[in-house]
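Chemist: Whatever this is, show me its structure:
(one chain, ligands or ions: 1)
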Amino acid sequence: MAKGLLTVVSGPSGSGKGTVLGRVFEKSEGFVYSISATTRAPRPGEVDGVQYHFKTKEEFESLISEDKVVEYTTYAGNYYGTLRPVVEKDLCEGKNVILEIEVDGAMQIKKKFPDAVLVLIVPPDYATLEARLRGRGTNTEEDILRRLERSREELKLFNNYDYLIINEDNRLDEAADKFIGIIESEKLSTVHNPDFYNKFYNN
Ligand code: 5GP
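Modeler: Reported below is the predicted structural model:
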């Protein structure tokens with residue numbers, strides 16, 4: 001069976017990447033979302049094993065020492081990591097796996113899985129990013145400033161990504177369709193069909 005495509009999606013807080021991916025999953029059944037492990041506390045409404053596998057610091061450190069995470073980072077004082085079985089088993093079963101992770105983790109994945117496709121979702125401009133973060137109404141001023149500052153650091157790495165999707169206000173479908181289009185094209189690329197020749201000639 002052909003291996004699935006591994007896609008990494010990153011974007012600064014306020015890019016709307018989670019909302020875009022939500023729409024992608026509504027429109028297409030061809031993807032598996034990798035549920036990460038984290039030590040941050042669940043937010044209201046979050047359920048263990050749905051948004052994240054919630055772990056204690058000790059549990060997470062055991063996962064690291066047992067080599068059960070393929071990449072991990074610390075973000076705002078908490079660990080976040082991608083669990084190895086999700087990536088390895090699902091990809092081998094031909095599933096297209098999506099990792100929604102920040103840039104540090106994305107760079108680790110790029111090293112370990114050079115065939116992975118890296119997509120960056122961004123707001124149209126800085127003013128929109130700021131307006132979205134303020135519009136949430138749930139973040140403190142300090143938190144907003146920290147997220148804006150972090151976005152500057154994250155976006156410095158933009159040219160390590162393969163694709164850039166600009167997520168305009170009120171054009172969610174357009175962003176989701178672009179994402180689906182990228183994945184469909186990538187699946188047709190020669191890079192992602194390495195065994196074409198051998199299969200064709202039954203070698
Ligand atoms: P949040 O706390 O808002 O859910 O996530 C904070 C950041 O951590 C987001 O940028 C999110 O994409 C990133 N993140 C979530 N899971 C992982 C993971 O498994 N690995 C890495 N490197 N980042 C993650």
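Chemist: Just give the nearest non-adjacent residue to the spatially most central residue of the chain, would you?
Modeler: For the chain, the residue sitting closest to the mean C-alpha position, by C-alpha atoms, centre = their mean, is residue 100 at 1.8 Å. Leaving aside its sequence neighbours, residue 100 sits nearest to residue 9 (C-beta to C-beta, 6 or more residues apart in numbering; 5.0 Å). From N, CA and C alone the C-beta is placed, and that goes for glycine too.
Chemist: which residues does the one you found contact?
Modeler: Residue 9 sits next to 17, 21, 98-101, 119-121, 179 when contact means C-beta atoms under 8 Å, 6 or more residues apart in numbering.
Chemist: one step back: pretty sure the residue nearest to the centre of the chain contacts residue 33?
Modeler: Yes: Residue 100 lies in contact with residue 33 (C-beta atoms under 8 Å); the separation is 7.3 Å.
Chemist: Where does pLDDT dip in this protein?
Modeler: Counting by pLDDT under 70, the chain contains low-confidence ranges at 1.
Chemist: how about the residues of the protein near the ligand?
Modeler: With C-beta under 6 Å from any ligand atom as the criterion, the chain meets the ligand at residues 36, 40, 71, 73, 75, 80-82, 100-102, 104-105.
Chemist: Is it possible to get CSV of these that adds distance to residue 115 and secondary structure?
Modeler: CSV is the format used below for the residues of the chain next to the ligand (distance: C-beta to C-beta, whole Å; DSSP: H, G, I helix; E, B strand; the rest coil):
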residue, distance to residue 115, secondary structure
36, 21, coil
40, 30, coil
71, 15, strand
73, 22, strand
75, 26, strand
80, 23, strand
81, 21, strand
82, 16, strand
100, 19, strand
101, 17, coil
102, 21, coil
104, 20, helix
105, 17, helix
